[in-house]
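J.: Fold the stuff below for me.
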Amino acid sequence: MLPRRRFLLGALALGAARLAPAEEPQWQRLRRGGLVLLMRHAQTEPGLGDPPGLRLDDCATQRNLSDAGRDHARRVGERLRAERVPVAQVFSSPWCRCRETATLAFGTAEEWDSLASFFDRPDLEPQATERVKRRIAGYARRRPAGNVVMVTHNVNIAALTRLSVGPGEIVLVRPEGCCEVRPVQRLLL
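T.: Okay, the predicted model is just below:
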């Protein structure tokens, strides 16, 4: 009977380990700064890509945040502030859904074309990804006082990290050598 009990207890322990909640984010590490937070824009209205006739200067021509996405973006910012995570700078894709996510979460953002979606233009991916990698590598040399946030699109984050992320999800990365990035952790707040 004892070997069977050990087997059952071991099986239960393994099952519990798989069902355990994900590790709490490394708030201490985030408080020290020096990371880049690659954030996908929050939840949008239903659809894939943008409607025909997209114009970056006219949000009415784009797929935009839903009310749930706006609430989520605000909650992300509130949680990071509550955890005392310093943010040195925020960059955003020029798409309205990214700018709105960044503004709701962090109050402000600087548009950066290298974070623009290349979903419909995969030929733009190599150059855009390389520019983002170089900027991240630059932070390793001149360590900003906090973390840098880049609000962009899933396709961009996947090209940089090989990870697909959900709306509002964040991948923490740090520079790896001259021109690579290393994912450290995923955050879904």
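J.: shouldn't residue 45 be in contact with residue 62?
T.: No. The criterion here is CB atoms under 8 Å, and residue 45 misses it with residue 62 at 9.7 Å. (Each C-beta comes from the backbone N, C-alpha and C, glycine too.)
J.: who's more crowded, those two?
T.: Between residue 45 and residue 62, counting by other CB atoms under 10 Å, residue 62 is the more crowded of the two (18 against 13).
J.: Mind pulling up the pLDDT for the more buried one?
T.: You'll see residue 62 listed with a pLDDT of 95.
J.: before we move on, what about residue 127?
T.: Note on residue 127: pLDDT of 95.
J.: Likewise for residue 47?
T.: Note for residue 47: predicted pLDDT of 83.
J.: Residue 178 too?
T.: Note on residue 178: pLDDT of 74.
J.: Give the next helix or strand downstream of the helix or strand bottoming out on mean pLDDT in the chain.
T.: Least confident helix or strand of the chain, by mean pLDDT, DSSP states H and E, is helix 2-19 with a mean of 36. Moving toward the C-terminus from helix 2-19, the next helix or strand (DSSP states H and E) is helix 27-32.
J.: Quick check: buried residues in that next one?
T.: For helix 27-32, the neighbour count (16 or more other CB atoms under 10 Å) marks 29-30 as buried.
J.: so who does the residue nearest to the spatial centre of the chain touch?
T.: Centroid-nearest residue in the chain, with CA atoms, centre = their mean: residue 39, separated by 2.1 Å. By CB atoms under 8 Å, 6 or more residues apart in numbering, the residues touching residue 39 are 76, 101-102, 105, 149-152, 168-170.
J.: list the buried ones in stretch 48-60?
T.: 50, 56.
J.: Begin at 10, not 1, for the rest of this chat.
T.: Yes, from this point I'll number from 10; that puts the last item at stretch 57-69.
J.: how distant is it from the center of its chain?
T.: A distance of 22 Å separates the centroid of the chain from that of stretch 57-69, by CA atoms, centre = their mean, to the nearest Å.
J.: for that stretch, how far is the first residue from the last?
T.: End-to-end distance for stretch 57-69, by CA to CA, to the nearest Å: 16 Å.
J.: which outside residues touch that stretch?
T.: Stretch 57-69 is contacted from outside by 70-72, 103-105, 125, 128-129, using CB under 8 Å, 6+ apart.
J.: for the helix or strand encompassing residue 107, packing partners?
T.: Using DSSP H and E, the element containing residue 107 is helix 105-115. When contacts are defined as 3 or more CB pairs under 8 Å, 6 or more residues apart in numbering; DSSP states H and E, helix 105-115 sits against strand 45-49, helix 76-91, strand 96-101, strand 156-161.
J.: so which of these comes closest to residue 186?
T.: Nearest of these to residue 186, taken as CB to CB: strand 45-49 at 14.6 Å.
J.: and stretch 67-84, how far out from the chain's middle?
T.: Put simply, stretch 67-84 sits 16 Å off its chain's centre (CA atoms, centre = their mean).
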